[in-house]
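[1] sequence first, then the predicted structure, then my questions.
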Amino acid sequence: MLLTRLLYYLRGYLVISVTGIYPERFLNVCANRHILLWNVLPRVGGKLHCCIGMRDFRLLPPVARKTGVQIKILHKRGLPVLLAKTKGRRVFAAGLIVFVTAMIVANQFVWKLKIEGCESLTADYITEKLAECGLHIGSFRPRVDAKQLQNQMLIRVPELAWLWVDTRGSKVLVQVRERVQPPAIVQTDAYCDLVAAKDGVIDSMVITAGTPLVESGATVRRGDLLVSGLLVSDKGLAPRKVQSEGSIYARVWYEKTQAFSVWSPVTHDTGRRENKYTLALFGWRLPLFHHGETSFNTYVAAEQEYELSIGNFYLGLGLERISYTEQETTYEKMSTESTIEAGKLTLQNEIDAMTAADATLTDCRITSSVLDDETVEVTVIAEYLENIAEKHTPTEN
Amino acid sequence: MKKKKAEKKSPMTHLSALLELPLDVLADVPHITVNDNKELCIENYKSIETYEPNEIRLRSKNYAIGIGGRDLQIAAITDDEILIRGIICTLTLQ
């Protein structure tokens, strides 16, 4: 239907009024004679308003005679009507042609470059490398060869595993995926021991290479030798040096104590807002009636971008809006229990950051004491089960 | 006492049931599609009987279709299809 309507807009259409005793008959006859009518609106006094294509209108007089209705043209609409209006206005027509030509020429260049998918690499770095490969703001768009660009970029930036260049009008969207770096090559013939990385009590051991020097249940301190890489034979053979391998899980305790204030900072909006607009015009950014930063000391900024585009085809024009919302911090008094709970979470998070990634929490004890009316001291003692084996190459004497 | 006459099925209806094909394809019966209570599309209608903002009555092959509601309007009309928009409250087949 949309396509039909668009076609009728291009050909021109009429809004007509149909008056008669029985306008429904008019609709039936039109339908039978394959005359398309749309937006048929009933009006008072047996009247109808509807739209009809200009070419179909010449088929209406016989229908009107047959059904006994009067037809009146209310409006003429569509592209031919619009063009007829501009027929005598040469300057307007010339301006329109110049504008359309300028838009077509301007859209042959890249005015916006968007990079997505960066993790460890920065968008600026990718932009710099893209510029070296010939894609930058102002590049001639037909010369941007996506396939060649992909190949060049993957050679120039070894950290990239995949790159996709999508041209959407004057905007080029570059999507990247970074390569997962392979682990460092371990030289299996290098000699090393396993030492304790932390103080703890050994819970379990899985040794695949080397001579274990401790047993389960033993208490070890940081730096203690756990597994030796020197294999001594009891059959009189010469000692052999190997790279010790294995996992030694130990119960490790962490203790943290900190004093927390019962006054908790709470941030909320003051209700004051400021909007800053910037016009993006073919690669240039023109601030509209502002010089950058806001007058608020504490604020939250939200950025929104409006692009002028036809479908996905970016036309090189856009408007950026940064909304600043002023924030105010006030302090609210919490109960002792809430302060202890908040302190416990803070300390647990700090302890979590100190442990290995595969460590599991097995026990957690919390003690607290009220120091004064406004301060509570919280102590967290957490027990983790974690692998404390650390490779260590002994210095040769 | 008169016996009730069994409703007679057309041969096309039988064929449609036999071949498991949609009825509107073979038997030329109305195909009514309702989207929410805002839009209604009827294929294979015959003619319009009444057209008012709160009631539209259409004639189909075997029965009349009544559409009741508010601000009803015919969005598009062709020889075998009619699209009605507005607030649709009732749909009757008599």
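    Sure thing, it's come through.

[2] just to be sure, residue B:16 is in a helix?
    Yes - with DSSP: H, G, I helix; E, B strand; the rest coil as the criterion, residue B:16 is located in a helix.

[3] count the residues that sit near it.
    Residues near residue B:16, counting by other CB atoms under 10 Å in any protein chain shown, number 19. Every C-beta, even on glycine, is put in place using the N, C-alpha and C of the backbone.

[4] what's the pLDDT at it?
    Model confidence at residue B:16, given as pLDDT, is 73.

[5] wait, doesn't it sit right on residue B:28?
    No - Residue B:16 is not in contact with residue B:28 according to CB atoms under 8 Å; the separation is 10.5 Å.

[6] which phi and psi values does the spatially closest residue to residue A:355 that is not a sequence neighbour adopt?
    Spatially, and ignoring its direct neighbours in sequence, residue A:355 is nearest to residue A:384 (5.3 Å; CB to CB, 6 or more residues apart in numbering or on different chains). Main-chain torsions, residue A:384, degrees, to the nearest 10: phi -120, psi 150.

[7] show me what residue A:384 bridges to in the sheet.
    Legend: beta-bridge partners of residue A:384 under DSSP bridges are residue A:252, residue A:361.

[8] please tell me I have it right and it contacts residue A:252.
    Yes - counting by CB under 8 Å, residue A:384 does reach residue A:252; the two are 5.2 Å apart.

[9] show the pLDDT at the residue of the stretch 251-397 of chain A found nearest chain B.
    Going by CB to the nearest CB, chain B is nearest to residue A:311 of the stretch 251-397 of chain A, at 24.6 Å. If you check residue A:311, the pLDDT there is 77.

[10] so it versus residue A:119, what's the distance?
    Using CB to CB, to the nearest Å, residue A:311 is found at 31 Å from residue A:119.

[11] centroid-nearest residue for the chain?
    Using chain A. Ranked by distance to the mean C-alpha position of chain A (CA atoms, centre = their mean), the top residue is residue A:116 at 7.8 Å.

[12] chain B, not that one
    In chain B, the residue lying closest to the centroid (CA atoms, centre = their mean) is residue B:30, at 4.4 Å.

[13] contacting residues around that residue?
    B:24, B:42-45, B:60-61, B:65 (CB atoms under 8 Å, 6 or more residues apart in numbering or on different chains).

[14] got the residues of chain A near chain B?
    Contact residues, chain A versus chain B (CB under 8 Å from any CB of the partner chain): A:1, A:23-24, A:27-28, A:30-32, A:34, A:36-42, A:48, A:50.

[15] just those residues: which are in strands?
    A:37-42, A:48, A:50 (DSSP state E).

[16] out of those residues, which comes closest to residue A:241?
    Nearest to residue A:241, judged by CB to CB, of these is residue A:38 at 90.1 Å.

[17] run a quick neighbour tally on that closest one.
    19.

[18] now the one 10 residues further on
    Each residue near residue A:48 was counted by other CB under 10 Å, and the total is 22.

[19] is it correct that residue A:327 falls within a helix?
    No - under the criterion used here (three-state DSSP), residue A:327 is strand, not part of a helix.

[20] that one against residue A:294, yeah?
    No - Residue A:327 is not in contact with residue A:294 according to CB under 8 Å; the separation is 11.4 Å.

[21] tell me which of these two has more neighbours.
    Neighbour count, other CB under 10 Å: between residue A:327 and residue A:294, residue A:294 has more, with 18 against 15.

[22] that one: helix or strand, and which one exactly?
    Taking DSSP states H and E as the definition, one finds residue A:294 inside no helix or strand.

[23] tell me the residues on chain B that lie near chain A, please.
    B:47-53, B:73-79, B:82-83.

[24] farthest-separated two in those residues?
    Most distant of those, by CB to CB, are B:53 and B:79, 24.0 Å apart.

[25] so what's the residue count around residue 19?
    No chain in the question, so chain A it is. 15.

[26] wait, chain B
    A count of nearby residues for residue B:19, using other CB under 10 Å, gives 10.

[27] all the helices of chain B, residue numbers only.
    Secondary structure of chain B (DSSP state H): helices at B:11-19, B:23-26.

[28] from memory residue A:318 sits against residue A:285, does it?
    No - using CB under 8 Å, residue A:318 is not in contact with residue A:285, being 9.5 Å away.

[29] neighbour count winner among those two?
    Each of residue A:318 and residue A:285 has its neighbours counted (other CB under 10 Å); residue A:318 has more, 21 against 10.

[30] what comes up buried for stretch B:81-94?
    Buried residues in stretch B:81-94, counted by 16 or more other CB atoms under 10 Å in any protein chain shown: B:82-86, B:88.

[31] contacts for that stretch next, please.
    With contacts defined as CB under 8 Å, 6+ apart, stretch B:81-94 is touched by A:1, A:31, B:32, B:34, B:37-43, B:45, B:48, B:53, B:56, B:58, B:63-77.

[32] buried only: go through the residues you listed for me.
    Using 16+ other CB under 10 Å as the burial test, these include A:31, B:32, B:40-43, B:45, B:48, B:56, B:58, B:65-69, B:72-77 as buried.

[33] next step: those residues restricted to strands.
    Per DSSP E, those map to strands at B:32, B:40-43, B:48, B:56, B:58, B:65-69, B:72-77.

[34] can I assume residue A:97 sits in a helix?
    Yes - if the criterion is three-state DSSP, then residue A:97 is within a helix.

[35] for chain B, what's the nearest residue on chain A?
    Relative to chain B, the nearest point of chain A is residue A:40 (3.8 Å; CB to the nearest CB).

[36] how many residues are close by that residue?
    Look at residue A:40: counted by other CB under 10 Å, it has 24 neighbours.

[37] wait, it touches residue A:52, no?
    No - counting by CB under 8 Å, residue A:40 stays clear of residue A:52, with 9.9 Å between them.

[38] thank you, goodbye.
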